[in-house]
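J.: Kindly return the folded structure for what I paste below:
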Amino acid sequence: MRPITDNEVTVEDLAERLRGDDGLVVLDVREPWEVELCHIGGSLHIPLGQLPTAVAALPRDRDIAVLCHHGMRSAHATQWLRTQGFDRAINLAGGIDAWARRIDPTMKVY
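T.: Below you'll find the model as predicted:
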């Protein structure tokens, strides 16, 4: 991934990464009702409020792209994950909304 900053990546770069099979984990921290509306296939869903108790389920040896609706909750999650030793966590700039608008226009926006 070519980061926007040390902690962010564009939806275009994430889409490019997902076309390959390099072990990237996509972590969706939105609420269940949001994931029901739309999601990136194959992503791991852990709502932000449950992240502290579910963090052990995440791999420390792989890149983790974190997403939410617009990128604010996932930015907080990315920052928190990095304080927990997940140095390869990176935020998806613009979140699922940017993904739907620029990568998958068939995806529902909300």
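
J.: Need the contact partners of the helix or strand where residue 101 lies.
T.: Assigned by DSSP states H and E, residue 101 falls within helix 95-102. Contacts with helix 95-102, where a contact means Cβ atoms under 8 Å, 6 or more residues apart in numbering, come from 11-12, 14-15, 28, 30, 34, 38-40, 67-72, 74, 92, 94, 107-109. Glycine gets a C-beta too; all of them are placed from N, C-alpha and C.

J.: Report the rounded mean pLDDT for it.
T.: Helix 95-102 shows a mean pLDDT of 98.

J.: and that helix, C-alpha only, in CSV?
T.: Extracted as CSV, the C-alpha positions of helix 95-102 are listed here (Å, rounded to 0.1, in the frame of the first residue of the first chain):
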residue,chain,number,x,y,z
GLY,A,95,-14.0,4.8,4.5
ILE,A,96,-16.7,2.6,2.8
ASP,A,97,-18.3,5.8,1.5
ALA,A,98,-15.2,6.6,-0.6
TRP,A,99,-15.0,2.9,-1.6
ALA,A,100,-18.6,2.9,-2.9
ARG,A,101,-18.2,6.2,-4.8
ARG,A,102,-14.8,5.5,-6.4
